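1. Sharing a model prediction with you, sequence too.
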Amino acid sequence: MKAVVLRSAEAALRRASSSSCTSSHLLRRSYSSESHPERKVAVLGAAGGIGQPLALLMKLNPLVSTLSLYDIAGTPGVAADVGHINTRSEVAGFMGEEQLGQALKGSDVVIIPAGVPRKPGMTRDDLFNINAGIVKSLCIAIAKYCPNALVNMISNPVNSTVPIAAEVFKKAGTYDERKLFGVTMLDVVRAKTFYAGKSKVPVAEVNVPVVGGHAGITILPLFSQATPKSNDLSDEEIKALTKRTQDGGTEVVEAKAGKGSATLSMAYAGAIFADACLKGLNGVSDVVECSFVQSNITELPFFASKVRLGKNGVEEVLGLGPLSDYEKQGLESLKPELQASIEKGIKFAHQN
Ligand SMILES: NC(=O)C1=CN([C@@H]2O[C@H](COP(=O)(O)OP(=O)(O)OC[C@H]3O[C@@H](n4cnc5c(N)ncnc54)[C@H](O)[C@@H]3O)[C@@H](O)[C@H]2O)C=CC1
Ligand SMILES: O=C([O-])CC(=O)C(=O)O
């Protein structure tokens, strides 16, 4: 019975993942083996709007053997609930600072959706004052208890929280640029959905790289590189798709009207990205997704682009590829804002 349930959960994840940059035959290969290595995944902020559905999706992932759910409140309930699902992983809930070390110890991947979400009228940067401190304290603990883990940063503003994490790890002497990721997967998920809707191609086959950062104009979808190719889209339609992708987060914030930002689609995107990290760790070849990482493909120290994932995290930061004139303009326009957000994060980490 257990094997049947596991196989159907695997099949669901496989179908869900088949639209990612990673080609589906690789996903099939990685799921075909019944035995996977032991992997501990910790979710920090696990009782929140993203954390709960993300915990559920990670519980369905057969690559996870231990699922550690941490929050400042509410985790015993979430862990008890998710823990009753009859899939591979053992689930443990941890609550409060005194249990953070236990939650993190031995983790291979740490996913961080801890922090406050936006309300209508706010920018992601408006979250900086609260979330910068939360992320900093969690990263100090990661450096202490699981310095080799791959860190998937979801907390906003990602353009600043990733540089904060890097500085914390540098100070602790544990920084490995291959292991720190800003999760920009939701931008990719949105770009794929909107492109498929407009160009009438099957959504499961769509790939669209999204580069830059994760806020407003710093989100730069490269529709000129989208596959399958659609020759029917006009320049105006490409502009509209770009704007909708850039404003995707705001679209959800406004629709939720004060009750937070994207949670379910973010949990999906976070689960797909963590799954890619686990596959890379397990030695699956040619796992490629977009992420905001330390980078030298532009003059900015951090930049989102396609990255190849491997046994140590980022194996290769892939270049931008050929850009349309419109995308070249977008790239130049985003640089000052992204640079300022990165510098703000670095400055915070040094001053606090
Ligand atoms: N990277 C991306 O694409 C996206 C990022 N986000 C960001 O994710 C973050 C979380 O969003 P939601 O889950 O909707 O918020 P939420 O408020 O529903 O949940 C956040 C959780 O974090 C917990 N938390 C606060 N301080 C903590 C600490 N020190 N340690 C551990 N947990 C702590 C809270 O108790 C709460 O359960 C926000 O910053 C939001 O802007 C949201 C959507 C997309
Ligand atoms: O817009 C927000 O505040 C949350 C977020 O990052 C997204 O949905 O892309």
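-> Structure received. Quick caveat: nothing in here was measured; it's all calculated off a predicted structure. Ligands and ions are numbered 1, 2, ... in the order given.

2. ok, which residues in the stretch 101-250 of the chain are in contact with ligand 2?
-> P117, R118, R124, N156, L186, G248, G249, T250 (CB under 6 Å from any ligand atom). (C-beta placed from N, C-alpha, C; glycine too.)

3. One more pass at 8 Å, please.
-> Proximity of the stretch 101-250 of the chain to ligand 2 is confined to 117-118, 122, 124, 127, 156, 158, 186-187, 190, 214-215, 248-250 under the rule CB under 8 Å from any ligand atom.

4. The residues you listed also near ligand 1: which ones?
-> Applying CB under 8 Å from any ligand atom to these, those adjacent to ligand 1 are P117, R118, R124, L127, N156, V158, L186, D187, H214, G249.

5. Give me the secondary structure label for the fifth one.
-> Spelled out, it's N156. coil (DSSP: H, G, I helix; E, B strand; the rest coil).

6. show me the contacts for it.
-> G115, P117, R118, R124, L127, N131, H214, A215 (CB atoms under 8 Å, 6 or more residues apart in numbering).

7. Tell me the one of these nearest E316?
-> Ranked by distance to E316 (CB to CB), those are led by H214 at 21.1 Å.

8. Over to the closest one. Which of the three states is it?
-> coil.

9. Let me see the contact set for the residue nearest to it when sequence neighbours are not counted.
-> Distances taken as CB to CB, 6 or more residues apart in numbering place V158 nearest to H214, at 4.0 Å, with adjacent residues excluded. V158 is in contact with R124, G182, V183, T184, G213, H214, A215, F292, counting by CB under 8 Å, 6+ apart.

10. and with 10 Å instead?
-> By CB atoms under 10 Å, 6 or more residues apart in numbering, V158 lies in contact with 124, 131, 135, 181-184, 187, 213-215, 218, 291-292, 302, 304, 341, 345.

11. Find me the pLDDT at the nearest residue to T75 once chain neighbours are set aside, would you?
-> Spatial nearest neighbour of T75, excluding adjacent residues (CB to CB, 6+ apart): G93 at 3.9 Å. For G93, the model assigns a pLDDT of 98.

12. again, but for the one 4 residues further on
-> According to the model's per-residue confidence, E97 sits at a pLDDT of 97.

13. Nearest residue to it in space, ignoring adjacent ones along the chain?
-> That would be I72: by CB to CB, 6+ apart, it lies 7.7 Å from E97.

14. hey, which helix or strand in this protein has the poorest pLDDT?
-> Ranked by mean pLDDT, DSSP states H and E, the helix or strand of the chain with the weakest confidence is helix 24-32, at a mean of 39.

15. rewinding a little: the residue nearest to T75: neighbour count?
-> Residues lying near G93 (other CB atoms under 10 Å) number 24.

16. The chain: strands as residue ranges?
-> 40-44, 66-71, 90-95, 109-112, 150-153, 180-182, 210-212, 219-221, 287-294, 302-310, 313-317 (DSSP state E).

17. could you say what helices and strands the third one packs with?
-> Packed against strand 90-95, as judged by 3 or more CB pairs under 10 Å, 6 or more residues apart in numbering; DSSP states H and E, are the following elements: strand 40-44, helix 51-59, strand 66-71, helix 75-83, helix 100-104.
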